[in-house]
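Novice: coords please:
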Amino acid sequence: MRKLIKNTPPISSAYPTFKHNSELTQEQVNNLSAGFFGIYTQLDSTTQTRQNVQLLSPALWTRVDEPTRQQFGVRYAKFLANNDQDQQKLARQFLDIVGGASYIPDSIRGAEIESAVQDLLSAHRNLNNFYNEPPFARQLQRLVGSSGNVPAAVSDSYVRGIVEVYLTNGVGTAWNAEPTYVKLMDQFSPNQALTAVLSFNDPTVASSLQFDLCQRKFRTMIEMMRPKVSSWPAVIELVEAILAFRGPMHMMRHDAVIKNKVETLRKLLGI
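Specialist: You can find the predicted model right below:
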């Protein structure tokens, strides 16, 4: 296997052929991908060898089955648990290359997602946020993955963070980051959508709602969440009340009608 990788032709000739090769069985795909992972994380592999793996692995990853993908995350976790720092770093590089960071076990990924959210918020609150936000947004998206799976322990802080950055700082929109925020919100579960709807109670979000741009973004976000919470009549009533509210939005959390609807749905849903 290793000799084969070392002798791999340049990407211009090898990659297109490999990319469209559908003759491998599922077992062969899984075994080959596992072999690439092992080669990439071996400490004595050469730079050229790893570069070849980098070129070939993303195309193969699309055909790797779920149990095998999960095993890569487990192997990364073992390097971390054993304090094998060099191999841990290489394993993480491999997962990032193939877009497999979401397969890191939740116990580890939760901490990484929380850290990524805080990094994103720090960039958002910085004066140069329009330039700084996009890379942190993309890193968070890589961790969350295409399934939108976020460990329960960090779900609420994740949602509140996404809502805050989507609402903008009231001055302007970080256009290069906003599509990422929209995609992440599209992946919200019903429970996460409910957290987003209730986010106007968060002091930071409430403060931002004094700005016209943030108000418009909040109403758009509420409309996006409506289909996700449609199975809860009490939440839909709150959504309608929010959209119909005409007072100062940063004071909405103190409005008697809104507060009553929030208290009602909390009792009904046990939250």
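
Novice: mind showing which ranges of the stretch 51-200 of the chain have poor pLDDT?
Specialist: The stretch 51-200 of the chain contains no residues with pLDDT under 70.

Novice: Strands of that one, residue ranges please.
Specialist: Secondary structure of the stretch 51-200 of the chain (DSSP state E, counting those that start in this stretch): no strands present.

Novice: just so I have it, where are all the helices in it?
Specialist: For the stretch 51-200 of the chain, the helices defined by DSSP state H, counting those that start in this stretch cover 66-81, 85-98, 106-124, 129-144, 152-166, 178-186, 190-197.

Novice: For stretch 158-168, C-alpha coordinates in PDB please.
Specialist: The C-alpha trace of stretch 158-168 is given here as PDB (Å, rounded to 0.1, in the frame of the first residue of the first chain):
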ATOM      1  CA  TYR A 158     -24.400  27.100  19.700                       C
ATOM      2  CA  VAL A 159     -27.800  28.300  18.600                       C
ATOM      3  CA  ARG A 160     -27.600  31.600  20.500                       C
ATOM      4  CA  GLY A 161     -24.200  32.200  19.000                       C
ATOM      5  CA  ILE A 162     -25.400  31.600  15.400                       C
ATOM      6  CA  VAL A 163     -28.400  33.900  16.100                       C
ATOM      7  CA  GLU A 164     -26.200  36.700  17.400                       C
ATOM      8  CA  VAL A 165     -23.800  36.600  14.400                       C
ATOM      9  CA  TYR A 166     -26.700  36.300  11.900                       C
ATOM     10  CA  LEU A 167     -28.400  39.400  13.300                       C
ATOM     11  CA  THR A 168     -25.200  41.400  12.500                       C
END
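
Novice: Reformat the helices of the stretch 51-200 of the chain into CSV and put distance to F245 and mean neighbour count next to each item.
Specialist: Glycine gets a C-beta too; all of them are placed from N, C-alpha and C. Below are the helices of the stretch 51-200 of the chain laid out as CSV (distance: least, C-beta to C-beta, whole Å; neighbours: other C-beta atoms under 10 Å):
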stretch, distance to F245, mean neighbour count
helix 66-81, 44, 16
helix 85-98, 43, 18
helix 106-124, 25, 18
helix 129-144, 28, 20
helix 152-166, 17, 21
helix 178-186, 21, 17
helix 190-197, 13, 21
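
Novice: Which one of the ones you listed lies nearest to C214?
Specialist: C214 sits nearest to helix 152-166 of all those, at 9.5 Å, using C-beta to C-beta.

Novice: Distance from stretch 205-215 to the middle of the chain?
Specialist: 24 Å (C-alpha atoms, centre = their mean, to the nearest Å).

Novice: contacting residues around it?
Specialist: The contact list for stretch 205-215, computed with C-beta atoms under 8 Å, 6 or more residues apart in numbering, reads 160, 163-164, 167-173, 199-200, 218, 248-253.

Novice: In PyMOL, select just the buried ones from those residues.
Specialist: Buried members of the contacts of stretch 205-215, defined by 16 or more other C-beta atoms under 10 Å, are picked up in PyMOL with:
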select buried, resi 160+163+164+167+168+169+199+200+218+249+250+252+253
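
Novice: Name the nearest residue to Y158, sequence neighbours excluded.
Specialist: Of all residues not flanking Y158 in the chain, V150 sits nearest, at 5.2 Å (C-beta to C-beta, 6 or more residues apart in numbering).

Novice: rewinding a little: in TSV: the helices of the stretch 51-200 of the chain, plus distance to E23.
Specialist: Putting those into TSV (distance: least, C-beta to C-beta, whole Å) gives the following:
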stretch	distance to E23
helix 66-81	19
helix 85-98	21
helix 106-124	34
helix 129-144	30
helix 152-166	41
helix 178-186	34
helix 190-197	41
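
Novice: so which of those helices gets nearest S33?
Specialist: Per C-beta to C-beta, nearest to S33 of those: helix 66-81, 6.6 Å.

Novice: same for that closest one, what does it pack against?
Specialist: The helices and strands touching helix 66-81, judged by 3 or more C-beta pairs under 8 Å, 6 or more residues apart in numbering; DSSP states H and E, are helix 26-41, helix 85-98, helix 106-124.

Novice: Give me the contacts around the last one.
Specialist: So that's helix 106-124. For helix 106-124, the surrounding residues in contact (C-beta under 8 Å, 6+ apart) are 76-77, 80, 101-102, 104, 129, 132-133, 136-137, 139-140, 143-144, 150-151, 153-154, 157-158, 161-162, 164-165, 169, 174.
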